[in-house]
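*Asks:* give me the fold of what follows.
(2 chains)
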Amino acid sequence: MKVRYFGDSSLLVETEDATVAQGLRAELLAEAIPGLRELVPGFRSLLVTADPLVTDLEALAQRLQRRGPPKFSLPVPRQHEFTVSYDGEDLAPLARRLGMEADDLIRRHTAPIYTVAFLGFAPGFPYLTGLDPALHAPRRASPRLRVPAGSVAIADEFCGIYPQATPGGWQLLGHTQAPLFDPGREHPALLAPGDRVRFRAVR
Amino acid sequence: MITVIDAGPLSTVQDLGRQSYGNLGLPRAGAADGMSLRVANRLVGNADEAAALEMTVRGAALRFETGTAVALAGARTEATLDGEPVPMYQSLLVRAGATLRIGRITEGWRTYLAVAGGIGVPPVLGSRSSDTLSGLGPAPLVAGNRLPVAPFNLAEGFYLRSPPRFPQEVRLRVLPGPHDEWFTENALQTLVGTSCRVSAQSDRSGLRLEGMALPRARQEELSSAGMTVGAIQVTGGGLPIVLLPNHGSTGGYPVIATVISADIPMLGQLGPGNSIRFTLVTRDAALKALRERERRLQQDIVGADAGLLAARALMMLAGRHPSLKQAVMDDGKRRLRIRRGD
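*Replies:* The predicted structure is shown next:
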């Protein structure tokens, strides 16, 4: 695996895909590496952060470079269905831009079964793969300072859901009431990597 | 309890942040200048990770319903305790009923107030920090808030030798990468050869920099990857953003260089009006600087033993002598200053 140095405390391990990144995270957690602080899986990477005064990052980097793909497999995926009011601010302009009717955009967005690739950006925010290529669109040129909680949005090849009101640059299609993140629950994030998600339109 | 009389423009509870929840998408949050938080905590005998107040632009006004010990560290400001000026960077004894007013910040960007025993708001996922990106943890302070504090338990007082300065122009040391190939060859030279300014569009998530464009060789975005504090991300338009502790856990902009750990606390003391010059260093130099910083922290916090113990005894007496308003160590010179009320 290709390993890049990221500052003096982190390594960015490039992985084939999100599942390998999750598997590598599980394997490294099990090794209980002294000084290890954080393991953050991305779409095709795992960020490894450690205390550089405790962990020899160069030795760790070499060890990771030589390492084969993880043998760990993700737990059995759960299925989720979220009802969505397709009332997002970007729905109509985006449909025009993509040369389709808003109803066509909604139909294409509700058709696939999405997969959670990883959770990133903000607490419980899922990066979902499986978006219809006809809906791939860049993020907005200038991000919004505040995207409402529950917003269902798309950017590039991903679909995402904003669990909290945060700044954000994705194209807003609608909103859902699903409780995506609750710090009081045993598992604060509703979704886990590998889970399957479907959207159902409500009027 | 502490009652917030005036919260100031942006005052939040911060500790060292939420560690090891990045896989759930949590920003780490925590003090923007973690070193000043640690100094303030050590000055009142707390563990480094105790929760304190982080105040931006101007400080808060606080009434202490509980007698305790406090310390101010970080950005320079003037503070008064019941109207009398009190110094930063040393333990101060505060009597029940006293009012601490922390003024405008004159040098640096964020001032920290530590309270003996820490601020006891309930932790959320292992931290008492306000996550200013997602709203997790306690909300920013507003007038009327009451902050739980533990009963006074300072056995010994401390002061800091040679407090840090926060100049207008700073040098920050960086290591190149990790996304070198996203940039043209001279982009890194521009980064380290040009001075840039901190934009007003900066917050606890990141500092936006002006006056420097870093040409990208590849326009496509990175596939979203875990990010770290100190990363210098470059937008499609070539504008650099340096990540602060409340950055989103992952990001899609390539990172041209990363500020070394020893210089990361300084990022929290920068705001509009500051200018930055980046310099390249080696990994060995980065680790040496980090070791040196930790060694100095150990060395420079000095016990103000005898004076503070006497002050503590006086504070206890103060319960029976309400005319005694204040007892503080004077500038760390092992002199005790006692003021009486009217």
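*Asks:* and the residue of chain A found nearest chain B, how far is that from residue B:83?
*Replies:* Going by C-beta to the nearest C-beta, chain B is nearest to residue A:47 of chain A, at 2.7 Å. For every residue, glycine as well, the C-beta is placed using N, CA and C. Distance, residue A:47 to residue B:83, by C-beta to C-beta, to the nearest Å: 50 Å.
*Asks:* for residue B:277, same thing?
*Replies:* Counting by C-beta to C-beta, the gap from residue B:277 to residue B:83 is 42 Å.
*Asks:* swap in residue B:234?
*Replies:* Residue B:234 is 49 Å from residue B:83, by C-beta to C-beta.
*Asks:* of these two, who's got more company?
*Replies:* residue B:234 (25 against 10; other C-beta atoms under 10 Å in any protein chain shown).
*Asks:* my guess is that one meets residue B:253, correct?
*Replies:* Yes: using C-beta atoms under 8 Å, residue B:234 makes contact with residue B:253 at a distance of 6.0 Å.
*Asks:* for chain A, what is the nearest residue in chain B?
*Replies:* Counting by C-beta to the nearest C-beta, chain B gets nearest chain A through residue B:226, at 2.7 Å.
*Asks:* thought that residue was touching residue A:44?
*Replies:* No: with contact defined as C-beta under 8 Å, residue B:226 does not reach residue A:44; the gap is 11.3 Å.
*Asks:* the two: which is more packed in?
*Replies:* Set residue B:226 next to residue A:44 and count neighbours by other C-beta under 10 Å: residue B:226 wins out with 27 against 19.
*Asks:* could you check the pLDDT of the more buried one?
*Replies:* What the model reports as pLDDT for residue B:226 is 97.
*Asks:* what are the bridge partners for it, then?
*Replies:* Residue B:226 has these beta-bridge partners by DSSP bridges: residue B:250.
*Asks:* mind listing what it touches?
*Replies:* A:10, A:12, A:38, A:40-42, A:45-47, A:120, B:22, B:249-250 (C-beta atoms under 8 Å, 6 or more residues apart in numbering or on different chains).
*Asks:* what of residue B:143?
*Replies:* B:4, B:5, B:6, B:7 are the contacts of residue B:143 under C-beta under 8 Å, 6+ apart.
*Asks:* now do 6 Å
*Replies:* Residues in contact with residue B:143 (C-beta atoms under 6 Å, 6 or more residues apart in numbering or on different chains) are B:4, B:6, B:7.
*Asks:* just the buried residues out of those residues, in PyMOL syntax.
*Replies:* A single PyMOL command selects the buried members of those (16 or more other C-beta atoms under 10 Å in any protein chain shown):
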select buried, chain B and resi 4+7
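*Asks:* next step: the contacts of residue B:143 restricted to strands.
*Replies:* In strands, judged by DSSP state E, the following of the contacts of residue B:143 are found: B:4, B:6.
*Asks:* got the residues of the stretch 51-200 of chain B near chain A?
*Replies:* B:124, B:125, B:133, B:134, B:135, B:136, B:175, B:178 (C-beta under 6 Å from any C-beta of the partner chain).
*Asks:* helix or strand for the fourth one, which one?
*Replies:* Element membership for residue B:134 (DSSP states H and E) is empty, with no helix or strand holding it.
*Asks:* list phi and psi for the residue of chain A positioned farthest from its centre.
*Replies:* Distance from the C-alpha centroid of chain A, by C-alpha atoms, centre = their mean, peaks at residue A:53 (31.1 Å). The phi/psi pair for residue A:53 (degrees, to the nearest 10) reads phi -90, psi -10.
*Asks:* cool, the one 3 residues further on as well?
*Replies:* With angles defined as degrees, to the nearest 10, residue A:56 shows backbone torsions of phi -80, psi 100.
*Asks:* please apply the same query to the one 4 residues further on.
*Replies:* Per-residue torsions, residue A:60: phi -60, psi -40 (degrees, to the nearest 10).
*Asks:* same question, residue A:103
*Replies:* phi -60, psi -40.
*Asks:* go on, residue B:182?
*Replies:* Per degrees, to the nearest 10, the backbone of residue B:182 is at phi -80, psi -10.
*Asks:* quick check, pLDDT for it.
*Replies:* At residue B:182, pLDDT is 93.
*Asks:* in the lengthiest helix in chain A, what counts as buried?
*Replies:* Secondary structure assigned by DSSP state H gives helix A:18-31 as the longest helix of chain A. By neighbour count on 16+ other C-beta under 10 Å, the buried set for helix A:18-31 is A:18, A:19, A:20, A:21, A:22, A:23, A:24, A:25, A:26, A:28.
*Asks:* over to stretch A:109-116?
*Replies:* Residues of stretch A:109-116 classed as buried: A:109, A:112, A:114, A:115, A:116 (neighbour count, 16+ other C-beta under 10 Å).
*Asks:* in strands only, show me those residues.
*Replies:* Filtering the buried residues of stretch A:109-116 for strands - DSSP E - leaves A:114, A:115, A:116.
*Asks:* for residue B:114, helix, strand, or coil?
*Replies:* Three-state call for residue B:114 (DSSP: H, G, I helix; E, B strand; the rest coil): strand.
*Asks:* enumerate every residue touching it.
*Replies:* B:40, B:41, B:44, B:46, B:52, B:71.
*Asks:* before we move on, the earlier item: what subset of the buried residues of helix A:18-31 is also close to chain B?
*Replies:* Answer for the buried residues of helix A:18-31 near chain B: none qualify (C-beta under 6 Å from any C-beta).
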